[in-house]
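Student: what follows is a predicted protein model with its sequence.
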Amino acid sequence: MDEIKWLEIAVNTTPDKLDQVCAQLAAAGMDSLVIEDEGDFLSFLEQNRQYWDYVDQELLDRMKGVTRVKFYVTDDEDGKKQLEQYVRGLDCEYAATPLTDNDWAYSWQKYYRPLEIGTRLYVVPQWLREEPVPAGRVPFYLNPGLTFGTGSHASTQLCLEGVEEHTLPGRDVLDLGCGSGILSIAALCLGARSAVAVDIDPKAVDVAYENAALNGIGRDRYTVRAGNVLADKALAAELAQKKYHLVLANIVADVIIPLAPQVPGLLEEDGIFLCSGIIDTRAHEVEAALKKAGLTVTKKREKNGWAALEATL
């Protein structure tokens, strides 16, 4: 028996006409609708923030202003007749795209592709791990799941460039606000001895451990904790019992600024603090806070309106 082939029908509309379009399609007999809306998309990202560091700007741009309704019909004469019935009287443009079995199951994976960072790192979605890695690159495998953007945002790329430049074999790393663990796991892939990662969201713990496992990194080298280093003095004191060669914070300016006074107590004598997630117009505020804390800013990286700073004791 031949496998059924499908057509994905995407009807482009506007927020004010969305209900009307859905009602018309339902009245014509189509009762299985998928609604894609920028507002819903942004809400989805916020509710699942533990899975990504920052959403890919290309994807944000692609979803900007989007309101569409999708449904599916069989890719045969019967399906095409049904389609004519469903769209009759709709005052909207629509597109019909044939789906393969792989598209049907994994259509969300098209948002991801391997990403070259700096001169050594190669961030790879885990389902592409069989593809060859460019010569001289260190693969770093991630499973973003049914979510978006891990590793491709400019802010994360800036911090990864610093991680690549400063990770030394046999040295230790602390990742504050680790999210999916991308920065600290990258450091471990590049040869760091061990890493400790902390995030305010408890759900981030399992996600970071899962991403570490994809790279053959176990809990003997990687420790992930849930907690707020600004509010939890016991956690802050526990972290400060050890010194780290690299301290990472890919967060936002409003967290990095109050965090700055803790950083000198976490760094080894030749250690480096890498902070990112800073909108470029606020970089001077973060730089001032680092200087006030006794740190010396040694480098500033900028990309697509974002900034990352490096500082030493």
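Tutor: Yep, that arrived.

Student: in contact with the nearest residue to A197 once chain neighbours are set aside, which residues?
Tutor: Among residues not flanking A197 along the chain, C178 sits closest, at 3.6 Å (Cβ to Cβ, 6 or more residues apart in numbering). (Each C-beta comes from the backbone N, C-alpha and C, glycine too.) C178 is in contact with 184, 197-199, 204, 208, 224, counting by Cβ atoms under 8 Å, 6 or more residues apart in numbering.

Student: ok, I185 touching V207?
Tutor: No: counting by Cβ atoms under 8 Å, I185 does not reach V207; the two are 10.8 Å apart.

Student: quick one, which of these two is more surrounded?
Tutor: More crowded of I185 and V207, by other Cβ atoms under 10 Å: I185, with 30 against 26.

Student: out of everything not next to it in sequence, what's closest to that one?
Tutor: Closest to I185 by Cβ to Cβ, 6+ apart is A212, at 5.2 Å.

Student: after whichever strand or helix holds the one you found comes which helix or strand?
Tutor: Using DSSP states H and E, A212 maps to helix 203-214. Sequence-wise, the next helix or strand downstream of helix 203-214 (DSSP H and E) is strand 222-226.

Student: what comes up buried for that next one?
Tutor: 222, 224-226 (16 or more other Cβ atoms under 10 Å).

Student: now, which of those residues sits nearest V21?
Tutor: Distance to V21 across those (Cβ to Cβ) is lowest for A226, with 42.8 Å.

Student: how's the chain carved up into domains?
Tutor: With domains defined by automatic domain parsing, the chain comprises 6-110, 152-312.

Student: now the first one: average pLDDT?
Tutor: The average pLDDT for domain 6-110 rounds to 76.

Student: ok, stretch 209-224 next?
Tutor: Rounded mean pLDDT across stretch 209-224 is 94.

Student: could you list the buried residues of it?
Tutor: Neighbour-count burial for stretch 209-224, counted by 16+ other Cβ under 10 Å, picks out 209, 211-212, 215, 217, 222, 224.

Student: can you check stretch 87-98 too?
Tutor: Within stretch 87-98, the residues that qualify as buried are 87, 90, 94, counting by 16+ other Cβ under 10 Å.

Student: please flag which of those residues sit within strands.
Tutor: Taking DSSP state E, the ones among the buried residues of stretch 87-98 that sit in strands are Y94.

Student: make TSV from the buried residues of stretch 87-98 and add distance to K5 to it.
Tutor: Conversion of those to TSV gives the following (distance: Cβ to Cβ, whole Å):
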residue	distance to K5
V87	19
L90	24
Y94	18
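
Student: ok, so of the buried residues of strand 222-226, who is nearest G136?
Tutor: Relative to G136, and with distances defined as Cβ to Cβ, the nearest of the buried residues of strand 222-226 is Y222, at 25.1 Å.
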